[in-house]
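[1] after the sequence you'll find the predicted model.
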Amino acid sequence: MAQCNNCKHNWSWSYSFKKLFTFKDEVYCPSCQTAQDVSKRGRNQMSIVAMIPMLLCFVLIAFNVQSNVVIIIEIIGYILAILALPFFYKLSNEKEYFF
């Protein structure tokens with residue numbers, strides 16, 4: 001779960017989940033209102049978690065699983081991945097770029 005680097009306040013799951021869907025570079029701590037950025041490591045981990053259901057789809061298709069079952073498993077997989085994303089939300093005091 002995300003933790004403010006300034007005041008060490010642990011963010012709640014719901015607050016982190018809401019901040020996942022903001023497209024701003026900076027997010028603000030609910031306790032001290034300090035601007036924080038999502039860390040490079042956190043973005044990389046969240047992108048890997050988001051890709052797992054897609055990779056699972058290829059494995060299921062390779063084993064000739066019925067398309068109805070693949071679709072149901074994919075929907076459940078994406079829901080679980082989205083619900084797990086706040087646990088991989090890491091903060092940094094400075095802006096970190098991918099490259």
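    Okay, I see it.
[2] residues contacting the residue nearest to residue 26 when sequence neighbours are not counted?
    Closest residue in space to residue 26, ignoring its immediate chain neighbours: residue 35 at 4.4 Å, by Cβ to Cβ, 6 or more residues apart in numbering. Placement of C-beta: from N, CA and C, glycine included. Residues counted as contacts of residue 35 (Cβ atoms under 8 Å, 6 or more residues apart in numbering) are 26-28.
[3] top of those by neighbour count?
    Counting by other Cβ atoms under 10 Å, residue 27 has the largest number of neighbours within the contacts of residue 35, with 22 neighbours.
[4] any idea of the pLDDT on that one?
    pLDDT for residue 27: 89.
[5] you'd agree it is in a strand?
    Yes - under DSSP: H, G, I helix; E, B strand; the rest coil, residue 27 falls within a strand.
[6] and it, bridged to which residues?
    residue 36 (DSSP bridges).
[7] residue farthest from the centroid of this structure?
    residue 64 (30.0 Å; Cα atoms, centre = their mean).
[8] does it belong to a helix, a strand or coil?
    Under three-state DSSP, residue 64 falls in the coil class.
[9] could you measure from it over to residue 90?
    Applying Cβ to Cβ, to the nearest Å, the value for residue 64 to residue 90 is 39 Å.
[10] show me what counts as buried in stretch 12-28.
    By neighbour count on 16 or more other Cβ atoms under 10 Å, the buried set for stretch 12-28 is 15-16, 19, 27.
[11] thanks a lot, see you next time.
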